[in-house]
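Chemist: Compute the structure for the input listed below.
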Amino acid sequence: MKAPPRLLPLLLPVPAASSRLFETTTRGRCAFLLLCLFLFVSLSIFLSLSPNQLLLRSFDYSPAAAAPTVVAARPNLSAFPSNSAVRESTGHLNKSSVPEAREDLESVSILFPDWEVVVIGPAGISGEEEESGFLCVYPNKATSPARFSGNLRATNQSIFTCWMPEKCRRRLQSPVLVRRKSPAEGGKEKTTKSLLRWTFLAYESLSTESDVVLFVKGVNNKQGVNRPAHELKCVFGNPDDSAVKTTAVTSSEQEVFRCGHPDLTGYGQNVTVGVRVTLELPDGVRVPSVAHYSPWRRSSVVVGEAKLQICAATMVYNAAKFLKEWVIYHSGIGVEKFFLYDNGSDDGLGIVVGELNREGYRVETVPWIWAKTQEAGFSHAAVYARESCDWMMYIDVDEFLFSPRWSSAAQPSDRMLKSLIPRKKSAGRVVGQVTIRCNEFGPSGRVTHPPDGVTQGYDCRRKLDNRHKSIVLLEAIDDSLLNAVHHFRLRGGGGGEGGKLFRTKQVGMGAAVVNHYKYQAWSEFRAKFRRRVSAYVVDWRRAVNPASKDRAPGLGFEPVKPGDWERRFCEVRDDRLKSLVRRWYGGLTAEGGGGYRMAWQR
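Modeler: The predicted model follows:
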């Protein structure tokens, strides 16, 4: 039976061209549907993310680095698990938390890692003022306490730190620094300024007799890769100036740039502070800046006063409990002055420094709030102390230098350290740097910080030494100020005094060694997960470079205490320095029983 006429077209063979057109159309529709499905899913995920999560991805702030928002005080990040959720304090998000009577202060704010905001306020504010009287107030009326962190050395401007509340993080809103006032003293509110980013900023400036040293973050980002100096300029002048001055950059290494002094005749006779300095890149972009230029003045040394032979410089964060032991010991063996680059301590460091100075020790604190700038800080110290010190020992507060040859000495002597320093007058290449190897000590069974000091509490170490520390002749350091934290590049010749050539000498471990109390009781060690100090060392909470020598072997990326922590890194029992220090600085307790009390416990 024949099919009905109306069905005949369906039974006829489909032409090849029509078949290909049908298949193409079908594939196109499928691809379109898949694209729509993908966009729908992506949009759903995007909308489900909180503002905080979005910014963590946009600005590479890992969840481990996001600090909880707090009400009363700045938290100790090491006390929080790295996977803890960021919680918002609702008490700081309502309008009632903003004081009715307030004084808005001129300030500029910088966004640091961990959602920390550094606020640079006016000069004249000191730590003696009531800290609770200062707040960071955001445009949406959210607030957080502002903690006083010192004064910038060049301008005496006040430094505060506060936390950025979660609801301010989507737009990265800049706060206003506010001081509470009585109703009768209420002042005019100020408009907020743009929030500077710490990843791209000129942050410090220091003048020498011949040039200007400028410290800039975000230009030379990779270790060993630097922009050519001839492509850069130093720019001097405030943002509202119609004319600015420029000078050529002569050196570009790491975060340190050197350039000539500007001619600031138009600024009048009293050019002391207030002249901004920054760096101009080849494309004409100028790096945002909080650095100020001051002309060089011979003020660090009293005319006619002899230079100190050996000083020590270190960068510290919450090291108050370790400081007295470290200063008293190293002062006894020959360190004449200590420079502490304070990286934002909030543990009463200034109180301890004051006590040491009243006892006759020479300790100077240099406010250095800048995150991950250890190399730059050490370069700053090399320039800052050059007029007052011949040699600088770069060593951390958990490191103690000693010589096994001192083991029979009844008392310390300031000649001990000097015996390791060669005399300047020598034939051939002059020794400009002495390096000393380090032994790394473990927890030694301790679960808490030893009250009598680290030299007494930790006496078991790893068998093999690791890394070194240095004592450097400041005049021998290369103009670039390039350093790898543990040592500096030296002048190759012609640039030093009398055109000297300088070299580095490594001291054998039989002559000197540094005891590095690196792996302490877990309550102390976990603080290292907060942030590494070096600009080129990855923070431990980031899952990058797990084989780095900076990391603790056997630990992951979270501050989780291993069950056998107290027994780790214990391969050699070494109590040489422990016994020596007890003999020099210990005394029997009044209670008897053979107990000792160290000089730094009094």
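Chemist: Please, where are all the helices along the stretch 401-550 of the chain?
Modeler: 415-418, 454-457, 522-525 (DSSP state H, counting those that start in this stretch).
Chemist: Which elements pack onto the second one?
Modeler: Other elements packing on helix 454-457 under the criterion 3 or more CB pairs under 8 Å, 6 or more residues apart in numbering; DSSP states H and E are helix 320-333, helix 576-585. For glycine as for every other residue, the C-beta is placed from the backbone atoms N, C-alpha and C.
Chemist: In contact with the closest residue to residue 567 other than its chain neighbours, which residues are there?
Modeler: In this structure, residue 567 finds its nearest non-sequential neighbour in residue 445, 7.0 Å apart by CB to CB, 6 or more residues apart in numbering. Contact partners of residue 445, counting by CB atoms under 8 Å, 6 or more residues apart in numbering, are 460, 566-567, 570.
Chemist: Distance-wise, check residue 445 relative to residue 464.
Modeler: 21 Å (CB to CB, to the nearest Å).
Chemist: What sits closest to residue 472 if chain neighbours are left out?
Modeler: Per CB to CB, 6+ apart, closest to residue 472 is residue 433, 4.8 Å.
Chemist: Hmm, the one you found is touching residue 474, no?
Modeler: No. Residue 433 is not in contact with residue 474 according to CB atoms under 8 Å; the separation is 10.3 Å.
Chemist: Report the beta-bridge partners for the residue nearest to residue 472.
Modeler: Taking DSSP bridges as the rule, residue 433 bridges to residue 472, residue 504.
Chemist: One more: residue 118?
Modeler: Under the criterion used (DSSP bridges), residue 118 bridges to residue 110, residue 161.
Chemist: For it, give its distance to residue 155.
Modeler: Distance, residue 118 to residue 155, by CB to CB: 15 Å.
Chemist: Which of these two has more residues huddled nearby?
Modeler: residue 118 (22 against 18; other CB atoms under 10 Å).
Chemist: next helix or strand past the helix or strand containing residue 248?
Modeler: Using DSSP states H and E, residue 248 maps to strand 245-253. Using DSSP H and E, the helix or strand that follows strand 245-253 in sequence is strand 256-259.
Chemist: Now find how far off-centre that next one is within its chain.
Modeler: The chain centre lies 20 Å from the centre of strand 256-259; the measure is CA atoms, centre = their mean, to the nearest Å.
Chemist: And for that strand, what's in contact with it?
Modeler: 211-216, 219, 229, 232-234, 247-251, 279, 376, 379, 479-482.
Chemist: Residue 391: what's it in contact with?
Modeler: Residue 391 makes contact with 309-311, 421, 471-474, according to CB under 8 Å, 6+ apart.
Chemist: Weed out the non-buried ones from those.
Modeler: Using 16 or more other CB atoms under 10 Å as the burial test, the contacts of residue 391 include 310-311, 421, 471-474 as buried.
Chemist: nearest to residue 135, of those?
Modeler: Within the buried ones among the contacts of residue 391, proximity to residue 135 (CB to CB) peaks at residue 311, which comes in at 39.1 Å.
Chemist: quick one: the helix or strand that that closest one is a member of to helix 320-333, angle?
Modeler: Taking DSSP H and E as the criterion, residue 311 maps to strand 308-316. Here the directions of strand 308-316 and helix 320-333 differ by 160 degrees (axes from the mean of the first three to the mean of the last three CA atoms, to 10 degrees).
Chemist: Is it correct that residue 502 is in contact with residue 476?
Modeler: Yes. Using CB under 8 Å, residue 502 is in contact with residue 476, at 4.1 Å.
Chemist: so what sits against both of these two?
Modeler: With contacts defined as CB under 8 Å, 6+ apart, the residues adjacent to both residue 502 and residue 476 are 430, 432-433, 490-491, 496.
Chemist: Most widely separated two among those residues?
Modeler: Among those, 433 and 496 lie farthest apart (CB to CB), at 12.4 Å.
Chemist: so how far is residue 579 from residue 571?
Modeler: 19 Å.
Chemist: Next: residue 463.
Modeler: From residue 463 across to residue 579, the span is 20 Å (CB to CB).
Chemist: Neighbour count for the two, which is higher?
Modeler: Neighbours per residue, other CB under 10 Å: of residue 463 and residue 579, the larger number sits with residue 579, 14 against 11.
Chemist: contacting residues around residue 586?
Modeler: Residues counted as contacts of residue 586 (CB under 8 Å, 6+ apart) are 596-599.
Chemist: Among the contacts of residue 445, which are located in strands?
Modeler: Cross-referencing those against strands under DSSP state E gives residue 460.
Chemist: Mind giving me the ChimeraX command for buried ones among the contacts of residue 445?
Modeler: Command for ChimeraX, covering only those of the contacts of residue 445 found buried under the criterion 16+ other CB under 10 Å:
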select :460,566,570
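Chemist: which pair in the contacts of residue 445 spans the largest distance?
Modeler: 460 and 566 (10.2 Å).
Chemist: got any residues that touch both of those two?
Modeler: Both residue 460 and residue 566 are contacted by 444-445, under the criterion CB under 8 Å, 6+ apart.
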